[in-house]
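Participant: need a structure here:
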Amino acid sequence: MSRFLLSRIKPRQNPKPSWTSPPIFKNLVNVTLHILKTHDQWEDSLDAEFSDSEILVSDIAHFVLDRLHDVELGLKFFDWASNRPDCSTRFSNGFAYSSLLKLLGRSRVFPEIESVMGSMKMEQVKPTHEALSLLVREFADSGFVDKALELYSLVLKMYDCVPSVFACNSLLHELVKHRRVDVAQKVYDEMLKKGDGENIYGDNYSTCIIVRGLCKEGKVEEGRKLIEDRWGKGCIPNVVFYNTLIDGFCQKGDVDGANFLFKELKLKGFLPALKTYGTMINGFCKKGNFAEIDRLLMEMKERDLNVNVQIYNNIIDARCKHGCVVKAVETVKKMIDNGCEPDIVTYNTLMNRSCREGNVEEADKLFEQARKRGLMPTKYSYTLLLHVYCRDGEHARALDLLIEMTERGYTPDLVSYGALIHGLVFAEQVDMALTIREKMMERGVLPDAGIYNVLMNGLFKKGKFPAAKMLFAEMLDQNIPPDAFVYATLVDGFIRDGNLEDARQIFNLAIEKGIDPGIVGYNAMIKGFCRSGMMKDALLCMKKMRKEHHFPDEFTYSTIIDGYVKLQDLDSALKVFGLMVKQRCKPNVVTYTSLINGFCKKGLSARAVKTFNEMRSGGVEPNVVTYSILIGGFCKEGKLAEAASFFELMLMNKCIPNDVTFHYLVNGFTNIAPAAISKSSNESQEHERSMFLDFFGMMISDGWVRRTAAYNSILICLCRYGMLKTALQLRDRMLDKGFFLDSVSFASLLNGICLEGRSQEWKSVIPCNLNEQEFQSAIKYSLKMDQYLPQGRTSEATLILQSLVEGFNSYDQRVEDFKMSAS
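Facilitator: Predicted coordinates for the structure are as follows:
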């Protein structure tokens, strides 16, 4: 209400008439309402209507206001009525004011309510209990909890009782919603103590609200006790109470407690509702108890209760999180067959599972299926695919998806852009990621510390240190404060640049600013000290790390162990390893590989093998670096049999070798004295048969040079162990180095192609430029390879080679016949 109107309202006094008064009151109220709604000059019409009436306007004003819905018209009517001469001193009883407050409250014109309340206070007019109760309810339902509490206190003060039960329940609901359970309990206690003036205390709903609040606070037992205390005192427990308590136990993680109540509910004659089953199933989902979930689903089926999409979604999500097999197509079909239509949450959950498993094709199909079923993909749907496309290097598809997302009305947010940028950096496409950052800024989406961190990390790894530093400066210019991860990235970046002093300064600056570097930051600094051989500083940093309650992890210990190994201080490395085990920090592949490297450098191959065996028995699988170090160490010591054995073990365990592995083997078998090779062959015969040494020795006996024999032995082993792709890559590097595809190389690659079931396409994979003699040599080595097949088998590759030789013989016969006929 305007200040002008308020200033003209003057309270009058008159007792409130009731509807038990003569019927003429009702008639006059109806006439007044009709005039107000239909006459433009209603003031004149009402003056004429009341001029000859014995009933005063003040007698019916509150009845008229109670039935009006137009706030502006109500204010004008109140202003007109309060200024009539016959209304002198008749509004001070508060009925007309209270009816105006109720009109304003129902329409939620809160500023005007404040003004009217101020005028009433100034004029010492008391609002009715009914009006104040309505205001408490309206303010509470609109989320103005503090104002509702203020009015609640006013009712207590004025009437020595609480507002109506409906008003109190609205207030309780909002207080619990805003996590102010202690205040809600106080209101609830006052409701029970004072009532609302008509001996109506808190009802079932009041108690249920408080129980729900206590459950949200994790005080489920208190909620249960409250129900027991209130039993029969205006509170009759029903399935809603049980649902609230069961949900409370499940939220707390006490599924056994929830299940106990679930059984009690049925024993007391209550039938669990759909919500009850949904809550119990969700609780079992969090625990991964799928046997109980299946039992409840069967029980629901027996009661003809249809499982809704939310329950299905919870089950699917739980199965994904607990590592169960989830077949997307079958899951969707089962839902539809059971009369439950999947929603976008269903598809998003299944897409997330597919993306995590690297099954992008399935994720794409699910995305398209969701759209065909009329579902609108969410930002999360797009973000999932954006991230996985970038991870797999499909940047064009990712960008197309971003454009489609925009065209469909979605504004890519920080999360969407972040997924794209993160994926591009992961795929080492940092320049493209920087371009995307510029585009997002043009669209008004500012990068956060996380995106700057990812970009700087990518630039540092690419060696683009000036660009990374400029990006950091831009971040500061944008008033984006660096967090612990940004500082850790900067420390790591400066260390990569060989700038230990700047790294140390950044590290100390973070601590000075009150930012805890975290375990990532400390590990980065320790790595810098170890790279520079400053082992005392590294140990001091680890000590400080402990002091700040960060416990060194496997990366911390592995970095320090590797630092000592590089300084050839194996004793100190072993001491740190012992400390690591003592602290129950499980060594990883890097830890063991560093120790193996240390032993190999000192020529202690036996200790290296012992560590290798300990590593595997501890459940840690060696990687390509581990095997390569061992192979290199054996080659350096002239133990070629061991080198070949570990190479074949590596292939057997599906660990793909790299150029370093090949370099060690080729150089080892090329540069070693012939006597050592003979000795290695004899050692191999005494132990397990070595494919590598078998073919290497055969080729040396046939007069092949050792380097060629070494390369071909590697190719044969790769193909026999199903690593054709790696063999072809090595073949290409051999050609670059001036080697040519000889008969043994051809035979080994042909065997590899056939073992993959691609015998029909061998001509498109390897060229065939061999002469008849070379084909005979290829057959010889292919037959040798067949000896590693089950007894009596002839490989498909050998049959192809034999047919090629027969083709040569047939051609030669035709030439000879032609010559004879010509003569």
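Participant: Hmm, residue 152 is touching residue 161, no?
Facilitator: No. Using C-beta atoms under 8 Å, residue 152 is not in contact with residue 161, being 11.1 Å away. Every residue, glycine included, has its C-beta placed from N, CA and C.
Participant: Residue 475 is in contact with residue 449, isn't it?
Facilitator: Yes. Here residue 475 lies in contact with residue 449, judged by C-beta under 8 Å, at a distance of 7.3 Å.
Participant: so what sits against both of these two?
Facilitator: Taking C-beta atoms under 8 Å, 6 or more residues apart in numbering as the contact rule, residue 475 and residue 449 both touch 482, 486.
Participant: Looking at the two, which is more packed in?
Facilitator: Using other C-beta atoms under 10 Å as the criterion, residue 475 and residue 449 rank with residue 475 on top: 21 against 15.
Participant: hmm, back to that, neighbour count winner among residue 152 and residue 161?
Facilitator: Higher neighbour count among residue 152 and residue 161: residue 152, with 23 against 19, using other C-beta under 10 Å.
Participant: which residues touch that one?
Facilitator: The contact partners of residue 152, by C-beta under 8 Å, 6+ apart, come to 136, 162-163, 167-168, 171, 187.
Participant: Quickly find the element holding it.
Facilitator: Take DSSP states H and E as the rule and residue 152 turns out to sit in helix 145-159.
Participant: Check the offset of that helix from the chain's centre.
Facilitator: Mean-position distance between helix 145-159 and its chain equals 44 Å (C-alpha atoms, centre = their mean, to the nearest Å).
Participant: Please identify the buried residues of that helix?
Facilitator: Neighbour-count burial for helix 145-159 flags 145, 147-149, 151-152, 154-155, 159 (criterion: 16 or more other C-beta atoms under 10 Å).
Participant: And the furthest pair within the residues you listed?
Facilitator: Within these, 145 and 159 form the most distant pair, 21.2 Å apart (C-beta to C-beta).
Participant: low pLDDT regions in the chain?
Facilitator: Applying pLDDT under 70 to the chain flags residues 1-24, 85-93, 195-201, 227-238, 673-688, 791-792, 807-823.
Participant: Spatially central residue for it, please.
Facilitator: residue 352 (9.0 Å; C-alpha atoms, centre = their mean).
Participant: Find the nearest non-adjacent residue to that residue, please.
Facilitator: residue 384 (5.8 Å; C-beta to C-beta, 6 or more residues apart in numbering).
Participant: Which residues are in contact with the one you found?
Facilitator: So residue 384 contacts 348, 351-352, 355, 363 (C-beta under 8 Å, 6+ apart).
Participant: Tell me the one of those residues nearest residue 63?
Facilitator: Closest to residue 63, out of all of the contacts of residue 384 and judged by C-beta to C-beta, is residue 348, at 56.1 Å.
Participant: And the helix or strand that contains that closest one, what's buried?
Facilitator: Assigned by DSSP H and E, residue 348 belongs to helix 344-356. Buried residues in helix 344-356, counting neighbours by 16+ other C-beta under 10 Å, are found at 344-355.
Participant: now stretch 571-588
Facilitator: Within stretch 571-588, judged by 16+ other C-beta under 10 Å, the buried ones are 572-574, 576-577, 580, 585, 587-588.
Participant: Name the nearest of the residues you listed relative to residue 519.
Facilitator: Nearest to residue 519 among the buried residues of stretch 571-588, counting by C-beta to C-beta, is residue 585 at 12.0 Å.
Participant: Tell me if I'm right that that closest one and residue 553 touch.
Facilitator: Yes. If you go by C-beta under 8 Å, residue 585 and residue 553 touch, sitting 6.5 Å apart.
Participant: So which residues of the stretch 551-700 of the chain form helices?
Facilitator: Along the stretch 551-700 of the chain, counting by DSSP state H, counting those that start in this stretch, helices occupy 554-566, 570-582, 589-601, 605-617, 624-637, 640-652, 659-671, 674-686, 691-701.
Participant: my bad, should have said the stretch 701-823 of the chain
Facilitator: Going by DSSP H, counting those that start in this stretch, the stretch 701-823 of the chain shows helices at 706-720, 724-736, 743-755, 762-765, 772-786, 796-822.
Participant: out of those helices, nearest to residue 411?
Facilitator: Closest approach to residue 411 among those is made by helix 724-736 (42.8 Å; C-beta to C-beta).
Participant: buried stuff in that closest one?
Facilitator: The neighbour-count criterion (16+ other C-beta under 10 Å) identifies 724, 726-728, 730-731, 734 as the buried residues of helix 724-736.
Participant: angle of that helix against helix 706-720?
Facilitator: Here helix 724-736 points in a direction 160 degrees away from that of helix 706-720 (axes from the mean of the first three to the mean of the last three C-alpha atoms, to 10 degrees).
Participant: Tell me which other helices or strands helix 724-736 touches.
Facilitator: helix 706-720, helix 743-755 (3 or more C-beta pairs under 8 Å, 6 or more residues apart in numbering; DSSP states H and E).
Participant: can I get the ones you listed in a markdown table with mean neighbour count?
Facilitator: Below are those laid out as a markdown table (neighbours: other C-beta atoms under 10 Å):
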| stretch | mean neighbour count |
| --- | --- |
| helix 706-720 | 23 |
| helix 743-755 | 25 |
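Participant: these two touch, right, the residue nearest to the centre of the chain and residue 316?
Facilitator: No. With contact defined as C-beta under 8 Å, residue 352 does not reach residue 316; the gap is 10.2 Å.
Participant: Kindly export stretch 530-540 (C-alpha atoms) in PDB.
Facilitator: Output in PDB follows, covering the C-alpha atoms of stretch 530-540 (Å, rounded to 0.1, in the frame of the first residue of the first chain):
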ATOM      1  CA  CYS A 530      65.400 -35.700  -6.300                       C
ATOM      2  CA  ARG A 531      66.000 -34.700 -10.000                       C
ATOM      3  CA  SER A 532      68.700 -32.200  -8.800                       C
ATOM      4  CA  GLY A 533      70.200 -34.900  -6.500                       C
ATOM      5  CA  MET A 534      69.300 -32.800  -3.400                       C
ATOM      6  CA  MET A 535      68.200 -35.900  -1.400                       C
ATOM      7  CA  LYS A 536      68.600 -34.100   2.100                       C
ATOM      8  CA  ASP A 537      66.100 -31.400   0.900                       C
ATOM      9  CA  ALA A 538      63.800 -34.100  -0.400                       C
ATOM     10  CA  LEU A 539      63.800 -35.900   3.000                       C
ATOM     11  CA  LEU A 540      63.200 -32.600   4.800                       C
END
